[in-house]
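> build me a model:
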Amino acid sequence: RDGDTLRQIDWKATARKRTPIAREYQDERDQQIIFLLDCGRRMRSQDGDLAHFDHALNACLLLAYVALRQGDAVGLATFASDQPRFIAPAKGQAQIGHLLNGVYDLQSTQRPADYAAAVDQLLARQRRRALVVLVTNLRDEDDSELLGACKRIARQHRLLITSLREEVLEEEEVTSTEVSQDTRIDIPVIEQEVEAEAEEPEIFTIVEEMPTFPGGDQALLEYMAKNTKYPPLARENGLQGIVVVTFVVDERGRIKDAQVLRGIGGGCDEEAMRVVQSMPPWKPGKQRGMSVRVQYNLPFRFTLR
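Okay, here's the model as predicted:
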């Protein structure tokens, strides 16, 4: 065909068929992805107001949301925590809710990172081949222990290691997961279907062109981080958890019908509503070229430090 390159030609198939055969490539789908999150003492290192653990957890949730949107199955496992957790990989937008419920009260500890034990636990639980994303804070002295653990896990799974650096050690290096230094809260965006009322225009959950905050998802995260304040009452009473606000982005990009879907009290529900209702107009979603209403659920993670 016109446009095919020589690299695409399958020469063995061409010889067998006696006609040119070209390969076509496409992105892999239906993959298993597991985030292996270090909750140990090195993850307590601070970058501004947020610890490395908070940056890593927020990044895992955002990447999980993207992978689920692409049709992959996502899970999460922790190590060096008081109670190691394992959330089996699963597909669908409901999985992000399971992940949020499983980690909303997760905290870093004073335990050292035991990579060998973490690999033992993962191999015992995850049989199917998966991409394992190890999120940790490495030091030079970890080389020998980590190398042995990596060799063991690589026999069954693919492994990607991400290491967070401390600014005091490398001031020129910026952590890729950092969003803001002014807040303790990052917000991944999640869609969920809500039944439309008969007299109202149809409300969609997924459309061909999704509505976007002015400037995109990164700008949304920065806006939410800058404008969300921890309520004094919740702080005084040690209240923390996840508040979920649901709202509709209408055909003109306006926020409509905002309400608390899941609350924790202490003023956190009201604060989440205030921030959502103060948002500027979004770029509306489109279906078949027409602007339509789209439902969003936005979780706020309130964590005391």
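> list the contacts for Cys39?
Going by CB atoms under 8 Å, 6 or more residues apart in numbering, Cys39 touches Phe53, Thr78, Phe79, Ala80, Ser81, Leu106, Gln107, Ser108, Thr109, Arg111. In this view, the C-beta of every residue, glycine as well, is placed from N, C-alpha and C.
> got TSV for these, with secondary structure, pLDDT and neighbour count too?
As requested, those are exported to TSV (DSSP: H, G, I helix; E, B strand; the rest coil; pLDDT from 0 to 100; neighbours: other CB atoms under 10 Å):
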residue	secondary structure	pLDDT	neighbour count
Phe53	helix	88	26
Thr78	strand	94	25
Phe79	strand	93	24
Ala80	coil	90	23
Ser81	coil	87	19
Leu106	coil	87	18
Gln107	coil	87	17
Ser108	coil	87	22
Thr109	coil	89	17
Arg111	coil	88	14
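> quick check, nearest of those to Tyr223?
Nearest to Tyr223 among the contacts of Cys39: Phe53, at 23.5 Å, using CB to CB.
> endpoint to endpoint, stretch 262-273 covers what distance?
This stretch, stretch 262-273, spans 11 Å end to end (CA to CA, to the nearest Å).
> what about the strands in the protein?
Under the criterion DSSP state E, the chain contains strands at 32-38, 46-47, 50-51, 73-79, 86-90, 131-136, 158-163, 190-191, 203-204, 241-249, 255-262, 285-287, 290-302.
> still on that earlier bit, quickly name whichever of the contacts of Cys39 is closest to Ile206.
Leu106 (28.8 Å).
> I'd say the closest one and Ser81 touch.
Yes - with contact defined as CB atoms under 8 Å, Leu106 and Ser81 form a contacting pair (7.0 Å).
> mind listing what the residue nearest to Gly263 when sequence neighbours are not counted touches?
Leaving aside its sequence neighbours, Gly263 sits nearest to Asp269 (CB to CB, 6 or more residues apart in numbering; 3.8 Å). Neighbour list for Asp269: Val243, Val260, Gly263 [criterion: CB under 8 Å, 6+ apart].
> and what of His157?
Ile34, Gln126, Arg129, Ala130, Leu131, Val132.
> look up the closest residue to the third one, ignoring the ones flanking it.
Looking back up the chat, that one is Arg129. Counting by CB to CB, 6+ apart, the residue nearest Arg129 is His157, at 5.8 Å.
> could you do the first one as well?
Spatially, and ignoring its direct neighbours in sequence, Ile34 is nearest to Gly75 (4.7 Å; CB to CB, 6+ apart).
> so which residues of the stretch 1-150 of the chain form helices?
For the stretch 1-150 of the chain, the helices defined by DSSP state H, counting those that start in this stretch cover 11-17, 52-69, 94-103, 115-125, 143-154.
> reformat those as a markdown table; add distance to Ile255.
Shown next, in a markdown table, are the helices of the stretch 1-150 of the chain (distance: least, CB to CB, whole Å):
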| stretch | distance to Ile255 |
| --- | --- |
| helix 11-17 | 55 |
| helix 52-69 | 20 |
| helix 94-103 | 21 |
| helix 115-125 | 41 |
| helix 143-154 | 45 |
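> closest to Glu222 out of these?
With CB to CB as the criterion, Glu222 lies closest to helix 52-69 of the helices of the stretch 1-150 of the chain, at 12.7 Å.
> flag every buried residue along the closest one.
52-65, 67-68 (16 or more other CB atoms under 10 Å).
> ok, back up a step: ok, the contacts of Cys39 vs Ser163, which is closest?
Proximity of these to Ser163 (CB to CB) peaks at Phe53, which lies at 13.5 Å.
> what's near enough to touch that closest one?
For Phe53, the contacting residues are Asp38, Cys39, Met43, Arg44, Gln107, Ser108, by CB under 8 Å, 6+ apart.
> mind picking the two most distant members of the residues you listed?
Spanning the widest gap among these are Asp38 and Gln107, at 12.7 Å by CB to CB.
> related to what we said a few turns ago, distance of the residue nearest to Arg129 relative to Leu122?
From His157 over to Leu122 the distance is 8 Å, taken as CB to CB, to the nearest Å.
> what do those two both touch?
With CB under 8 Å, 6+ apart as the test, His157 and Leu122 both reach Ile34, Val132.
> how far away is the nearest residue to Ser108 once chain neighbours are set aside from Gln46?
Taking CB to CB, 6+ apart as the measure, Ser108 lies nearest to Phe53, with 4.0 Å between them; neighbours along the chain are not counted. Distance, Phe53 to Gln46, by CB to CB: 10 Å.
> what do you get for Asp142?
Asp142 is 20 Å from Gln46, by CB to CB.
> neighbour count for these two, which is higher?
Asp142 (16 against 13; other CB atoms under 10 Å).
> does the more buried one really touch Asp114, like I thought?
No - with contacts counted by CB under 8 Å, Asp142 stays clear of Asp114, the gap being 10.9 Å.
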